[in-house]
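Asks: No letters, just coordinates:
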């Protein structure tokens, strides 16, 4: 996979990424470095990163080790909150981190969201690097400059746009993931294919098991996202396409957050894609057979969840907090055809209820 070099950030793959990280550290002579990880990546991934950074006996590597700190947060979406943000900032202050410091985010989407947001606000902004360890992080969360935390169960309601200096994609980390996490990341790859092209969708829909995802599919997914954010980095127009499946998906995720029914981000997005494909059929004459094909394909990777009428009512209430809204009325990204999404579609509660019924049968 070829490196991707852009004005605001660069993406490197495999061992080349660690070489570029060491070059960045030495070039900028950061006074202190924080490696932010969660309880899972601290155990399974941090030793690999430290081996890459500190394995040499050179003076440069010893200097890097001496100024590197580690901070571990609990795994899970519930960690992306104001209290954890405060604790990380207090750790940085107490250990003398200044503007010429670096944060390395080692983890999935939660870690890159949280660590990126800390980096964007600490001392009005310090450099950070993303090393995604989940499939979702590799194809989506670590790329594009979105950072944020949750508040009152509202996803990423506080956040900023800030690009990582570099992003390192090391596919070896995927071997540390359980199948549920792989399926969660595959949700974003399915979304990318549907908003990109029929050719891309045909390749994705030929995958029978998320463990069969290969490097070329991952690279295609990354390229799809990059093409979109290049044209609209701050989501004023076409970047909204990346929210396909996310309007209802985020509402479902928020509704179930901190409950005994809590689900992963990608699991909520898989449901959202089914619901919003149906809405595309209903409102934009998206092909009926394709809508069924998408639903049936996704249910190979996603366990169906029962939603009562009361549940659906609560989900629709969360929709008014969606960040794409210009008022309390939710605006959806829907599909005219595969590869031809459109944004700012208004959808009624009645149509949303119909979409849930389609999902349920």
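Replies: Ah, there it is. A quick note: this is a predicted structure, and the numbers were derived from the prediction, not measured.
Asks: okay, CA-based contacts and neighbour counts for the rest of this
Replies: Will do.
Asks: Contacts only, for residue 97.
Replies: Taking Cα atoms under 8 Å, 6 or more residues apart in numbering, we find residue 97 in contact with 31, 32.
Asks: Quick check: it is in a helix.
Replies: No. Counting by DSSP: H, G, I helix; E, B strand; the rest coil, residue 97 is located in no helix; its state is coil.
Asks: OK, contacts around residue 240?
Replies: Neighbouring residues of residue 240 by Cα under 8 Å, 6+ apart: 324, 333, 343.
Asks: Kindly recompute the last result at 10 Å.
Replies: Residue 240 sits next to 228, 229, 232, 234, 324, 332, 333, 341, 342, 343, 344 when contact means Cα atoms under 10 Å, 6 or more residues apart in numbering.
Asks: Pull out the buried residues from those.
Replies: Taking 16 or more other Cα atoms under 10 Å as the criterion, what is buried in the contacts of residue 240 is 228, 229, 234, 324, 332, 333, 341, 342, 343, 344.
Asks: Look at the last one and give its secondary structure.
Replies: On the three-state scheme (three-state DSSP), residue 344 is labelled strand.
Asks: unless I'm mixing things up, residue 81 is touching residue 118, no?
Replies: No. Contact criterion Cα atoms under 10 Å: residue 81 and residue 118 do not qualify, at 11.2 Å.
Asks: Sitting in strands, which of the contacts of residue 240 do you find?
Replies: 332, 333, 341, 342, 343, 344 (DSSP state E).
Asks: Can you get me a residue count around the closest residue to the first one other than its chain neighbours?
Replies: In space, and not counting its chain neighbours, residue 332 is closest to residue 345: 4.8 Å by Cα to Cα, 6 or more residues apart in numbering. Here the number of neighbours of residue 345 (other Cα atoms under 10 Å) works out to 14.
Asks: Strands along the stretch 1-150 of the chain, start to end?
Replies: Under the criterion DSSP state E, counting those that start in this stretch, strands of the stretch 1-150 of the chain are mapped to 4-5, 10-13, 32-38, 68-73, 101-107, 127-132, 146-151.
Asks: Tell me which of those sits nearest to residue 313.
Replies: strand 146-151 (20.6 Å; Cα to Cα).
Asks: how close does residue 31 sit to residue 103?
Replies: 11 Å (Cα to Cα, to the nearest Å).
Asks: Cool, thanks, talk later.
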